[in-house]
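Undergrad: Output the structure for:
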Amino acid sequence: MRILITGSKGQVGTELVKQGQALKHEMLAFDQDQLDITQIESVQETVSKYRSDIVINAAAYTAVDQAEQEVELAYAVNKEGAAHLATACKEHKIPLLHISTDYIFDGKQKRAYREDDTARPTGVYGQSKWQGDQAIKATLQEHIILRVSWVFAAQGNNFVKTMLRLGQERDELSIVVDQHGGPTCAADIAETLLKLAQKAINKENRKTFSWGTYHYSGSPITTWYDFAQEIFKEAQIQGLIKTVPRLKAISTEEYPTPATRPANSALDCSKIAEVFGIQQP
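TA: Residues are numbered from 1 along each chain as shown. A predicted model of the protein is given here:
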């Protein structure tokens, strides 16, 4: 496959490039410095020049709290950037795989969220991502939007790396215990995207292919507090830390942030299993 990737140095983008190269795919990898998806001319020129089999958009503005101040930038990347890619892909008849987020939901629902549940984002990040999803749907029929949650990886900024760093700096850590979700490894997301890409580029199946929105996240559903416990347990086994800090369970109210987090980020992943045979990691 000839795959064009945006956001190639992010958590998922890095894994996409690594795994794609290992599978002998031609990986056309662009980071923010090489391709600014907020600029329509750059997007159109790049997509037109390389004529890939598929485009995977792993670029996003993901600083959830900072987005409350950098509203224009968040929308430029997450909404307009997605729209620009969809427009260019439509022009050249190229499918688009796009990564979305659990933050499009308000988290007030008790059960796991399905793909057709009503979006009610509570902050700029979630709202900008949701509008980007909508722009893709309105522009390009041949797309897959993959909603993921609680992403972690060896690179980038994420909860696992933050815990490992703070665990060496402090004797006690206060961790939120009333937010629920499925931690998802970026490597698993990348593997799934490459599987979907392989299926999506089959020209004989393009018209009958099950395009649309799918949920994909890790299992089981847990809390940040329980996730932290597991991180330190594993880190100690691997010899990454000598002493495990004391963990104090606190409520969301005790840890105020500029952006509101969903209390329930659980994603129902039965659809992707039924349609493509892809199971939760």
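Undergrad: show me the contacts for the residue lying closest to Tyr225 once chain neighbours are set aside.
TA: The spatially closest residue to Tyr225, leaving aside those adjacent along the chain, is Val177, at 4.0 Å (C-beta to C-beta, 6 or more residues apart in numbering). For glycine as for every other residue, the C-beta is placed from the backbone atoms N, C-alpha and C. Val177 is in contact with 223-226, 249-251, counting by C-beta atoms under 8 Å, 6 or more residues apart in numbering.
Undergrad: what do you get for Thr192?
TA: When the contact criterion is C-beta under 8 Å, 6+ apart, the partners of Thr192 are 146, 216, 272, 278.
Undergrad: between the residues you listed, which is nearest Glu91?
TA: Looking at the contacts of Thr192 and their distance to Glu91, the nearest is Leu146, at 22.7 Å (C-beta to C-beta).
Undergrad: so where do the helices sit in the chain?
TA: Listed in chain order, the helices of the chain (DSSP state H) span residues 11-22, 40-50, 71-75, 81-91, 124-139, 159-169, 186-200, 224-237, 270-276.
Undergrad: possible to save the ones you listed as JSON lines with mean pLDDT and distance to Tyr103?
TA: As requested, the helices of the chain are exported to JSON lines (pLDDT from 0 to 100; distance: least, C-beta to C-beta, whole Å):
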{"stretch": "helix 11-22", "mean pLDDT": "97", "distance to Tyr103": "15"}
{"stretch": "helix 40-50", "mean pLDDT": "97", "distance to Tyr103": "24"}
{"stretch": "helix 71-75", "mean pLDDT": "98", "distance to Tyr103": "11"}
{"stretch": "helix 81-91", "mean pLDDT": "98", "distance to Tyr103": "15"}
{"stretch": "helix 124-139", "mean pLDDT": "98", "distance to Tyr103": "4"}
{"stretch": "helix 159-169", "mean pLDDT": "95", "distance to Tyr103": "14"}
{"stretch": "helix 186-200", "mean pLDDT": "96", "distance to Tyr103": "16"}
{"stretch": "helix 224-237", "mean pLDDT": "97", "distance to Tyr103": "15"}
{"stretch": "helix 270-276", "mean pLDDT": "97", "distance to Tyr103": "19"}
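Undergrad: who does Thr184 bridge with?
TA: The bridge-partner assignment for Thr184, based on DSSP bridges, gives Val151.
Undergrad: What is the burial count for the residue nearest to Tyr50 when sequence neighbours are not counted?
TA: Spatially, and ignoring its direct neighbours in sequence, Tyr50 is nearest to Leu28 (5.2 Å; C-beta to C-beta, 6+ apart). A count of neighbours around Leu28, defined by other C-beta atoms under 10 Å, yields 21.
Undergrad: you'd agree Leu28 is up against Met1?
TA: No. Here Leu28 does not reach Met1: they are 10.5 Å apart, not a contact under C-beta atoms under 8 Å.
Undergrad: ok, now which ones touch Lys271?
TA: 114-115, 214-215.
Undergrad: Quick check: it vs Ala112, distance?
TA: Counting by C-beta to C-beta, to the nearest Å, the gap between Lys271 and Ala112 amounts to 11 Å.
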